[in-house]
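[1] Need the 3D shape of this:
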Amino acid sequence: SSVLAPGYQWDSFPSVSLAWRIDKENFMQNASFVNALKLRAGMGVVGNQGIGPYASKGGLTQIFYNWSGTSSVPGYVASDPSAANPQKMANPQLGWERTTQFNVGLDYGFFNNRINGAVDFYSTKTDDLLMSMLIPSILGYTSTNANVGKTKGWGIDFQLNTVNIQKQDFQWSTSLTWSKDKGEIVELANGNLQDVGNRWFVGSELAVAYDLVYDGIWKTSEEAEAATFGRKPGQIRVKDLSGPDGVPDGIIDRNHDQQIIGSYRPKWSGGISNTFNYKNFELSFFIYSRWGFLVNAGAATLDGRYMQRKLDYFIPGVNEDAEYYMPGSNGEAADTYSSSMNYRDGSFIKLRNVSFGYNVPMNKLQRIGASNIKIYGQLMNPAMLYSKIDFLDTDLSNYNNNSNQIGSSVTTRGFVLGLSVGF
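    Prediction:
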């Protein structure tokens with residue numbers, strides 16, 4: 001790969017796989033209900049060189065100098081840590097990321113393939129991850145691309161297709177997919193057990209939230225206790241988890257009172273589609289879900305100056321069991337601990353697609369020489385069936401290479417009316 005550093009651009013990635021057609025064995029000849037049964041296994045190594053061209057070489061930042069004149073002269077430096085997007089430090093030893101994977105799977109089909117599908121289990125081990133790593137700005141840079149540490153993981157993929165009803169004029173079929181994966185950081189650079197700046201912790205997943213733990217809002221009746229933490233009623237309360245001696249010390253300190261809140265990656269995801277055919281009419285719909293993941297959204301600056309979504313905020317003596325702090329309790333700035341409110345359960349169930357169509361009968365197609373004509377209408381993203389967040393469409397959230405996309409406050413819905421003709 002030409003994007004990696006010279007001397008580290010070449011590598012080898014072997015693989016091997018085998019399969020056993022169990023349904024072809026003699027001992028299966030009397031199992032007439034089995035149409036397909038294949039056991040698969042494989043092991044291999046794949047490489048990742050997913051960085052931009054010249055990313056291993058660093059870059060130059062343009063700055064301007066004024067030598068007591070009326071005009072500025074452009075100059076170039078390797079990086080400017082104070083810039084909004086400073087250049088990354090060059091890495092002359094940047095090489096391939098290598099993932100070794102083992103998988104075993106089973107393909108199946110029963111009862112004239114009215115029930116069919118596949119199930120797969122896999123485990124992975126990745127060395128020399130290609131990541132953007134934060135470094136101390138005293139070096140003149142704030143980050144660099146590096147081969148950082150090791151991870152391992154496992155996952156399950158399941159697919160099931162069924163023909164539930166099959167009559168002369170009516171058919172109902174279902175397709176279900178479900179997957180789960182779990183990852184873990186095994187090793188970090190230089191033997192470290194954690195890299196707080198990048199939110200990397202040995203023994204935890206790669207995509208975690210790490211912050212103070214939200215514990216409600218200080219009430220009027222708790223004024224004296226709040227004062228011991230330098231707080232007052234109407235402000236955010238966070239948990240005192242630990243101190244220098246490993247026990248709570250009555251002081252909120254980010255060095256001791258932060259913990260892993262959860263993961264941005266879902267515990268599982270899945271979808272189900274159903275298709276109904278009655279004579280020449282066809283109706284289908286698809287429901288999709290992701291479950292058990294965080295989105296980094298929810299905190300708000302309650303300064304009373306800008307339009308905001310409807311919030312349940314603290315009002316002394318009126319609404320003291322509120323979720324949000326009292327507006328103006330920290331002047332025009334956000335509450336000191338507002339980031340602790342920024343982690344929400346993004347689990348959802350969404351109706352992604354509904355389609356209805358009509359297939360023109362064959363005897364009418366022959367008159368015009370067509371092989372098929374279908375008139376159809378389709379609704380895209382018509383409804384969110386379940387979500388714990390009412391101000392975001394978390395179906396649009398994702399996590400990729402330590403970058404978290406929280407979703408969108410706008411759901412794009414669409415309607416398509418179409419005609420499909422084949423000759």
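
[2] Low-confidence stretches in the stretch 301-423 of the chain?
    398-407 (pLDDT under 70).

[3] again, only using 90
    Where the stretch 301-423 of the chain drops to pLDDT under 90, the residues are 301-310, 328-333, 342, 359-374, 388-413, 419-423.

[4] could you pull out the strands for it?
    Taking DSSP state E, counting those that start in this stretch, the strands of the stretch 301-423 of the chain run over residues 329-332, 344-345, 348-359, 372-387, 398-400, 403-405, 414-422.

[5] Would you state the helices of the stretch 151-300 of the chain in chain order?
    Remark: helices assigned in the stretch 151-300 of the chain by DSSP state H, counting those that start in this stretch are 223-228.

[6] is it true that Leu134 touches Ser143?
    Yes. Contact criterion Cβ atoms under 8 Å: Leu134 and Ser143 qualify, at 5.3 Å. C-beta coordinates here come from the backbone N, C-alpha and C atoms, glycine included.

[7] Settle it for me: which of these two has more neighbours?
    Set Leu134 next to Ser143 and count neighbours by other Cβ atoms under 10 Å: Ser143 wins out with 19 against 15.

[8] Compute the first-to-last residue distance for stretch 124-138.
    37 Å (Cα to Cα, to the nearest Å).

[9] hang on, the earlier thing: any common contacting residues for Leu134 and Ser143?
    Here Leu134 and Ser143 have no joint contacts, going by Cβ atoms under 8 Å, 6 or more residues apart in numbering.

[10] So, low pLDDT: which residues of the stretch 51-200 of the chain?
    For the stretch 51-200 of the chain (pLDDT under 90), the answer is 51-97, 128-149, 187-192, 194-200.

[11] I'd assumed Gly42 was in contact with Val16.
    Yes. The pair Val16 and Gly42 qualifies as a contact (Cβ under 8 Å) at a distance of 6.7 Å.

[12] Comparing those two, which shows the higher neighbour count?
    Neighbours were counted for Val16 and for Gly42 using other Cβ under 10 Å; Gly42 has more, 15 against 8.

[13] contacting residues for the more buried one?
    Gly42 neighbours (Cβ under 8 Å, 6+ apart): 15-18, 102-104.

[14] do Thr301 as well
    Counting by Cβ under 8 Å, 6+ apart, Thr301 has contacts 333-334, 338.

[15] Please pick the buried ones from the residues you listed.
    By neighbour count, with 16 or more other Cβ atoms under 10 Å, these hold 334, 338 as buried.

[16] Identify the bridge partners of Met131.
    Ala146 (DSSP bridges).

[17] Tell me the buried residues in stretch 139-156?
    141-153, 155.

[18] Restricted to strands, list those residues.
    Per DSSP state E, strands hold the following members of the buried residues of stretch 139-156: 143-147, 150-153, 155.

[19] closest to Phe314 among these?
    Ser143 (38.6 Å; Cβ to Cβ).

[20] ok, now which ones touch the closest one?
    Ser143 sits in contact with 86, 88-89, 132-135, where contact means Cβ under 8 Å, 6+ apart.

[21] ok, now with 7 Å
    88, 132-135 (Cβ atoms under 7 Å, 6 or more residues apart in numbering).

[22] Check Phe285 too.
    273-274, 351, 353-354.

[23] Recalculate using a threshold of 8 Å.
    With Cβ under 8 Å, 6+ apart, Phe285 has these contacts: 273-274, 351, 353-355.

[24] Go through those residues and name the one nearest Gly262.
    Within the contacts of Phe285, proximity to Gly262 (Cβ to Cβ) peaks at Leu351, which comes in at 26.2 Å.

[25] Neighbours of the closest residue in space to that closest one that isn't next to it in sequence, how many?
    Residue nearest to Leu351 in three dimensions, not counting chain neighbours: Ala383, with 4.4 Å by Cβ to Cβ, 6 or more residues apart in numbering. Burial of Ala383 is recorded as 13 neighbouring residues (other Cβ under 10 Å).

[26] With Arg352 as the reference, measure out to Ala383.
    9 Å (Cβ to Cβ, to the nearest Å).

[27] which SS class is Ser32?
    coil (DSSP: H, G, I helix; E, B strand; the rest coil).

[28] what about it, neighbour count?
    Around Ser32 there are 9 residues (other Cβ under 10 Å).

[29] Contact partners for it?
    So Ser32 contacts nothing (Cβ under 8 Å, 6+ apart).

[30] and it, what pLDDT?
    The score at Ser32 is 88. That number is its pLDDT.

[31] May I have the phi/psi pair for it?
    phi -70, psi -20 (degrees, to the nearest 10).

[32] Pull up the gap between it and Asn164, please.
    Counting by Cβ to Cβ - Ser32 and Asn164 are separated by 21 Å.

[33] Just the buried ones among the contacts of Phe285, please.
    So, by 16+ other Cβ under 10 Å, the buried ones in these are 273, 351, 353-355.

[34] between these, which is nearest Ile260?
    Among those, Leu351 lies closest to Ile260 (Cβ to Cβ), at 33.0 Å.

[35] thinking that closest one is in contact with Leu385, fair?
    Yes. Counting by Cβ under 8 Å, Leu351 touches Leu385, with 5.8 Å between them.

[36] confidence score at the nearest residue to Tyr288 once chain neighbours are set aside?
    Using Cβ to Cβ, 6+ apart and skipping residues adjacent in sequence, the residue nearest Tyr288 is Gly271, 4.2 Å away. As summarised for this prediction, Gly271 has a pLDDT of 97.

[37] neighbours around Gly271, how many?
    Using other Cβ under 10 Å, Gly271 has 16 neighbouring residues.

[38] quick one: contacts for it?
    Counting by Cβ under 8 Å, 6+ apart, Gly271 has contacts 176-177, 286-289, 352.
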